[in-house]
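Visitor: what's the 3D shape of this:
(one chain, ligands or ions: 1)
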Amino acid sequence: MEKVNQLPKTIKLFNFAKKEVNLHGECKISNMPRVAEIAKNDNDSVEVDLSFHLYNGKTPCVKGIMDLKVVLDCQRCLDDLEINLNIPFKLAFVKHENQAVEIDNSYEIYHVGEFEALETIDLMTDEILLSIPMIPSHNFECGLKFDQEKIVEEVRKHPFDVLKNLK
Ligand SMILES: [Zn+2]
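Guide: Numbers count the residues shown, from 1 in each chain. Modelled structure (predicted):
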């Protein structure tokens, strides 16, 4: 059964923060192109909670958490690598550098420039990509498979060369 996506497409930063909006919902990985590009489990969903508030009465902020599983290519053996991510974040949406100075350092500064709104998917994607390791690999010894596959591939491409060498 298809789960209903209850998340709004767009986050109106000031508006949501002023009303202290709380959101809970799910989003399929296949709906987040930049994540789907590296994750093989497109059909799985990301669960997200977002709570908005205003900082000092003027800066929109969000506290959130995301839960998801990503299946990546191990960069050592190229086999599937499954990683469970639990991503808490606390962001302050600022327009100018001098606005960022007023925010305490438990917040990550998210520069929005003149934009009053953000795509929900963009916000989620940015936080997910920051949490995925740069070079994902198994936490055990793996690694021979790639070379073996290359040899098999060579044999397939040039079967007669291999026979020649046998003579
Ligand atoms: Zn591996």
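Visitor: who's in contact with the residue nearest the centre of the chain?
Guide: For the chain, the residue nearest the mean C-alpha position is residue 128 (2.3 Å; Cα atoms, centre = their mean). Residue 128 is in contact with 32, 35, 46, 66, 68, 70, 85, 87, counting by Cβ atoms under 8 Å, 6 or more residues apart in numbering. Just so you know, the C-beta spots here come from the backbone N, C-alpha and C atoms, and that holds for glycine as well.
Visitor: residues from the chain in reach of the ion?
Guide: Proximity of the chain to the ion is confined to 74, 76, 77, 138, 142 under the rule Cβ under 5 Å from the ion.
Visitor: List only buried entries from the residues you listed.
Guide: Neighbour counting by 16 or more other Cβ atoms under 10 Å classes 74, 76, 77 among the residues of the chain next to the ion as buried.
Visitor: Checking the residue lying closest to the last one once chain neighbours are set aside next. Helix, strand or coil?
Guide: Counting by Cβ to Cβ, 6 or more residues apart in numbering, the nearest residue to residue 77 once its immediate chain neighbours are dropped is residue 142, at 3.9 Å. Residue 142 falls in the coil class when you classify it by DSSP: H, G, I helix; E, B strand; the rest coil.
Visitor: pretty sure residue 142 is in contact with residue 76, am I right?
Guide: Yes: judged on Cβ atoms under 8 Å, residue 142 makes contact with residue 76 at a distance of 5.5 Å.
Visitor: about what we covered before: am I right that the residue nearest to the centre of the chain is in a strand?
Guide: No: counting by three-state DSSP, residue 128 falls outside a strand, being helix.
Visitor: Where do the strands of the protein begin and end?
Guide: 10-12, 22-28, 45-55, 59-73, 80-94, 108-111, 117-119 (DSSP state E).
Visitor: would you turn those strands into a markdown table with mean pLDDT and mean neighbour count?
Guide: Listed next are those as a markdown table, based on pLDDT from 0 to 100; neighbours: other Cβ atoms under 10 Å:
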| stretch | mean pLDDT | mean neighbour count |
| --- | --- | --- |
| strand 10-12 | 96 | 18 |
| strand 22-28 | 94 | 16 |
| strand 45-55 | 97 | 19 |
| strand 59-73 | 97 | 19 |
| strand 80-94 | 97 | 16 |
| strand 108-111 | 94 | 15 |
| strand 117-119 | 95 | 16 |
